[in-house]
Structure formats: structure tokens, C-alpha cells
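1. Got a predicted structure here, sequence first:
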Amino acid sequence: MKSFKLFKRISHGILSIVYYPRDVKPIGCKWVYSVKLNSDGSLNRYKARLVALGNKQEYGIDCDETFAPVAKMTPVRMVISIAASSGWSLHQMDVKNAFLHGDLIEDIYIIHPQGLFSSSNGVCKLKRSLYGLKQEPRAWYEKFLSTLLEFSFTQSQYDSSLFIHRTSAGIVLLLLYVDDMVITGSDHTSIQRLKQQLQASFHMKDLGNLHYFLGLEVHSTSKGIFLHQHKYAADLIYMAGLQLVNLVDTSLAVNVKYHRDGGDLCMIRYCIGNLWLVSQFMHSPRHLHLAAVRRIILYLKETTQCGLFFPVGIYPKLSAYNDADWAGCPDTQRSVTGWCMFLGTSLISWKSKKQARVSKSSTESEYRAMSPACSEIIWLRGLLAELGFPQTEPTSLYADNISDIHFVVNPVFHERTKHIEVDCHSICDTYDDKLISLPHVSTQFQVADILNKAVPRSRHQFLVSKLMLLDQPHQFEGDVNKGIILLSLIVYISISRID
């Protein structure tokens with residue numbers, strides 16, 4: 001069986017048998033066996049693959065460039081949101097043995113699998129990339145990029161894994177994540193032609209309409225597109241062994257601060273790497289941190305059926321909410337930044353991150369939080385313009401601190417802001433260029449509040465509803481209309497309160 005597979009690769013032009021070169025040190029190889037599962041956990045197929053031992057490669061000799069860009073989650077959600085609002089269909093394709101298509105620049109030799117050839121002088125010279133090589137992702141990406149450029153696609157300036165093709169009938173978009181790709185657009189004829197061209201160039205598998213991508217389960221309805229991670233949450237709950245434990249209403253206990261050295265050491269580290277809040281304590285986990293992990297997983301169990309909904313017919317206008325929890329870290333006294341971005345009413349991007357500096361006031365902490373939010377807005381505006389949805393008006397960045405708004409609007413900085421890093425003051429240039437506006441929003445309606453602090457149950461449920469985090473698809477019709485009206489009403493009330 002192994003011999004057959006290897007000779008099959010030879011016949012496909014992957015490698016050839018040559019005599020042992022004296023001036024070259026070949027690297028090893030081995031067979032790897034794995035099981036591929038479907039999105040629901042059922043068996044898809046068994047896989048066997050010959051891989052090179054890339055850990056023996058030396059940079060500058062056996063390999064050079066190794067990095068290959070992949071699709072980021074924010075552009076993925078943006079493309080799905082635009083497809084939902086515009087009524088575009090989403091298609092998915094998969095490349096079979098993608099890394100075997102890459103062209104190698106270097107001369108790579110591997111030792112043949114043991115027992116396959118009787119001659120000790122025989123080695124295998126790779127004609128194309130092989131799994132296990134350090135440069136395999138780069139070689140495949142360069143091959144795919146050159147192929148799409150031949151198909152008259154252009155590469156996005158804002159995301160290297162996004163490719164765009166404009167025709168007289170519309171537009172075609174392709175997102176690439178290693179060997180998985182999502183295709184959508186308004187020109188259905190060009191989409192079908194692209195599929196045929198890809199199948200003629202590579203060994204492709206047409207998976208039909210998009211259902212599962214990067215851990216996201218996708219369900220399309222007449223009302224829009226629903227994204228969730230039921231399987232991921234179920235696997236996390238099963239791994240933690242909490243299937244039969246009572247549920248909780250919120251992910252974090254109110255008025256509880258998690259210290260680095262709080263409580264006794266705990267040797268169990270399961271699940272912590274999946275959760276941002278407690279992943280910062282992985283080097284020395286305590287029982288209190290384990291209790292926090294347990295509560296978060298129980299909350300996931302309560303909300304397993306929830307997901308993000310992208311409705312039909314909503315114009316993709318970008319808006320954002322920004323907030324900070326002043327001195328939120330009890331160990332370092334650093335603040336926690338939180339912001340979220342909406343495209344229409346669809347949540348496409350969010351961030352919760354500890355700031356790099358200690359802020360002397362809540363005003364300073366929220367002013368620092370504006371800087372990364374502005375950078376994200378500039379990036380998203382450029383991406384939307386490439387996709388054919390330019391933002392003609394300034395993007396609303398809702399803030400609940402009036403002092404911060406005055407700092408940005410007033411060109412003369414006050415005495416207490418001169419110590420803030422220069423890069424934070426780029427917010428003023430963004431405001432002067434009319435890329436953002438800074439409407440004031442009441443703290444009661446600040447959506448980003450949920451990203452940087454624990455809140456009571458009633459407020460937690462209120463903020464979740466504003467994020468368009470909905471339940472099962474059969475509840476869409478009522479929940480979507482209620483969510484859209486609620487979000488619009490909150491923005492209207494907040495802006496009306498500005499003096």
C-alpha cells in the first residue's frame with residue numbers, strides 16, 4: 001500500500017528517484033495516518049500521507065521564505081455579512097493535497113521510505129512541494145496566487161488572502177485559508193466559470209453551498225445567514241466533563257477580580273488556552289482560575305445554540321463602539337480595552353485586550369482605547385471600498401466619555417494629556433480627515449461594556465441582545481426585527497442626549 005502511494009506521487013511528478021549526491025544531505029520522511037471528521041463529528045475518511053521531516057531543514061540552505069498569509073476572521077465575517085445583505089450565494093471549494101501543487105525553488109532531497117528500494121544509493125529529489133517542508137505553505141500560496149492572477153483576479157491591498165474579480169455583470173470574491181476557499185459575488189456566471197478553471201488547474205472538490213468554514217457553522221435562511229460554533233462549544237464542554245452540571249446566566253461573576261497569585265496552585269490546565277480571560281494565568285494556574293474556567297464553560301453550555309445573525313437587506317454601513325475598564329487588571333493596574341464593529345446591524349469585529357501602559361485616569365484609558373479602534377476602522381473602510389461599498393460618511397465611533405471627545409475635537413491638548421504616546425494622538429488626524437465621527441453614547445447603552453468587565457445578569461442580557469447574538473434559526477423572524485429596532489432606537493436615544 002505504501003509503495004503504491006509513493007509510486008503514485010512519482011507518477012504525478014512530485015518526486016523522482018536519483019543517485020545519492022555527495023554534496024547534499026537528504027532529509028528524512030515518514031508516513032502519517034489521520035482521521036478526518038465532518039462538522040458534526042462523524043467520520044469523513046481515513047488519510048495516509050508521506051511527509052518530509054522538515055524539522056531537519058536549515059534556513060538559508062533548505063528553505064528561505066516560509067510564511068503564507070491566510071484569511072482573517074474579520075474579513076470572513078465581513079464577506080458573509082455583505083453576501084447576506086446583498087442576497088449572494090456562498091460557495092465552498094477544497095483543494096485536494098494542496099501542498100503538493102507548490103513549486104519548489106530549492107533543491108530538496110529526501111530519504112526514501114525504509115524497505116521500498118533495495119539500493120542504498122537511491123534518494124528522492126522533490127520536483128514539487130511535499131507535506132512537512134517548512135516552505136510548503138509559501139510554495140502553495142505563490143502557486144495559487146499566480147493562478148488567480150492569470151484568471152484576471154486582483155489581490156486585495158488590505159487582506160492578502162482576499163481576491164477580487166470585477167466584470168460587467170458584477171463582482172466575484174474569493175477568500176483563501178490554506179486549501180479551503182469561500183467564493184461569493186453577484187456574477188453567477190463568472191463564479192461557475194471560476195470553479196471550472198480551478199478544477200482544471202488543481203485537484204479540487206466542490207463542496208457546494210457554504211456550511212462549515214474555520215470552525216464556523218453557516219446556515220442560510222430567507223431572513224439572512226446564521227453563524228454559530230455548536231460543535232466547538234460541545235467539544236469544550238465534553239472535554240471539561242461538565243455535561244450534567246447546572247447552568248449559569250453570565251460568563252463572569254460580578255465584583256470578582258482574578259489575581260496572578262490568588263489561591264493555591266492547580267496543576268490542571270485543560271481548556272485554559274481556549275479562553276482569553278484566564279489564558280494569561282496559564283504559566284501558574286490557581287484554583288480560582290479553574291473556577292473561572294468552569295463558569296465560562298457552563299455559560300457556553302447555556303448559550304450553545306446562540307450565534308451571530310447577518311440579516312438580509314441591511315446596507316453595510318460601518319459603525320463602532322469603544323470603551324475601557326480603567327485599572328481593570330488587579331496585578332498591573334493596567335486598563336482593558338474593548339471595542340466592537342458593526343456592518344449595518346451585523347457584528348463583524350471585536351477586541352478585548354489589556355493596554356500596554358498604566359493610565360492615570362479613566363479618561364486617559366479610554367483615549368488610549370480609541371487608537372486601535374481607529375486603526376481597525378481605517379482598515380475596514382479601505383476593505384469595504386475595495387469590495388464596492390465605500391463609506392461616504394464618517395464612521396461613527398460611539399464613546400461614553402465626553403472628555404475624550406473634547407480631546408479629539410480640540411486641537412490644543414490639555415496639560416494632562418501631553419504624556420500620552422504620540423501614536424495615540426493619530427486619532428485627531430483620523431477625525432480631521434472625516435474618517436470618523438465621535439457621537440456620545442450613554443454608558444447605559446455602551447455595547448463595548450460587555451467586552452472588558454463583568455456585568456449583572458439583566459445588563460448582560462441587554463448588551464447581548466444589542467450584539468445581535470440570537471438563538472436558533474426558527475426564532476429569527478421575531479428576534480431579528482426586535483434586535484434591529486432596539487439597536488436603532490438605542491443609537492437615536494444616545495445621540496439625542498448630546499447637549
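-> Now that the structure is in, tell me what you want to look at.

2. Only C-alpha atoms from now on, for both contacts and neighbour counts.
-> Noted.

3. In the stretch 251-400 of the chain, where is pLDDT below threshold?
-> 262-279 (pLDDT under 70).

4. ranges for the strands of it?
-> 307-311, 318-325, 336-343, 346-354, 395-398 (DSSP state E, counting those that start in this stretch).

5. got a markdown table for those strands, with mean neighbour count and distance to Leu383 too?
-> Listed next are those as a markdown table, based on neighbours: other Cα atoms under 10 Å; distance: least, Cα to Cα, whole Å:
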| stretch | mean neighbour count | distance to Leu383 |
| --- | --- | --- |
| strand 307-311 | 26 | 18 |
| strand 318-325 | 26 | 11 |
| strand 336-343 | 25 | 12 |
| strand 346-354 | 20 | 13 |
| strand 395-398 | 23 | 14 |
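
6. Out of these, flag the one nearest Leu37.
-> strand 307-311 (22.3 Å; Cα to Cα).

7. So what touches the closest one?
-> Outside strand 307-311, the residues within contact range by Cα atoms under 8 Å, 6 or more residues apart in numbering are 80-81, 84-85, 223-229, 345-347, 468-472, 480.

8. Just put the strands of the stretch 251-400 of the chain in a markdown table and tack on distance to Asn410.
-> Below are those laid out as a markdown table (distance: least, Cα to Cα, whole Å):
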| stretch | distance to Asn410 |
| --- | --- |
| strand 307-311 | 37 |
| strand 318-325 | 19 |
| strand 336-343 | 23 |
| strand 346-354 | 27 |
| strand 395-398 | 17 |
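
9. Just give the nearest non-adjacent residue to Arg45, would you?
-> Lys36 (5.5 Å; Cα to Cα, 6 or more residues apart in numbering).

10. And the pLDDT at the one you found?
-> As predicted, Lys36 sits at a pLDDT of 82.

11. Each with direction, which strands does the helix or strand where it lies pair with?
-> Per DSSP states H and E: Lys36 is located in strand 29-37. Taking DSSP bridges as the criterion, strand 29-37 forms sheet pairs with strand 43-52 (antiparallel).

12. In the strand it pairs with, which residues have enough neighbours to count as buried?
-> Arg49, Leu50, Val51, Ala52 (16 or more other Cα atoms under 10 Å).

13. need the contact list for the first one.
-> Each residue near Arg49 by Cα under 8 Å, 6+ apart is listed here: Trp31, Val32, Tyr33.

14. again with the last one
-> Applying Cα under 8 Å, 6+ apart, we find Ala52 in contact with Ile27, Gly28, Cys29, Lys30, Ile110, Leu130, Tyr131, Gly132, Leu133.

15. top of these by neighbour count?
-> Leu130 (30 neighbours; other Cα atoms under 10 Å).

16. ok, now how distant is that residue from Ile110?
-> 10 Å (Cα to Cα, to the nearest Å).

17. now Asp261
-> 50 Å.

18. cool, Ala139 as well?
-> 17 Å.

19. same deal with Ser352?
-> Taking Cα to Cα, one finds Ser352 at 45 Å from Ile110.

20. Please state the backbone phi and psi of the residue most central in space within the chain?
-> With distances taken as Cα atoms, centre = their mean, the residue of the chain nearest its centroid is Met73 (2.3 Å). Phi and psi for Met73, reported as degrees, to the nearest 10, are phi -70, psi -30.

21. So for it, what's the pLDDT?
-> 93.

22. Kindly report the same for Val18.
-> 76.

23. How many neighbouring residues does it have?
-> So Val18, with other Cα under 10 Å, has 12 neighbours.

24. partners of it in the sheet?
-> Applying DSSP bridges, one finds that Val18 bridges with Val123.

25. is it true that it touches Lys127?
-> No: using Cα atoms under 8 Å, Val18 is not in contact with Lys127; the gap is 11.7 Å.

26. The stretch 1-150 of the chain: strands as residue ranges?
-> Applying DSSP E, counting those that start in this stretch to the stretch 1-150 of the chain gives strands spanning 15-19, 29-37, 43-52, 91-95, 109-111, 122-126.

27. among these, which is nearest Ala169?
-> strand 91-95 (18.3 Å).

28. Contacts for the longest helix seen in the chain, please.
-> Selection of the longest helix in the chain by residue count, based on DSSP state H, yields helix 362-386. Residues outside helix 362-386 that contact it (Cα under 8 Å, 6+ apart): 156-159, 318, 320, 322-326, 335, 337-339, 355, 359, 390-391, 395, 401, 403-404, 417, 420, 423-427, 430, 435-436.

29. residues of it that come out buried?
-> Buried, per 16+ other Cα under 10 Å, within helix 362-386: 362-374, 376-378, 380-384.

30. Now do that helix: distance to the chain's middle.
-> 18 Å (Cα atoms, centre = their mean, to the nearest Å).

31. Compute the inter-axis angle for that helix and strand 318-325.
-> Helix 362-386 runs at 160 degrees relative to strand 318-325, counting by axes from the mean of the first three to the mean of the last three Cα atoms, to 10 degrees.
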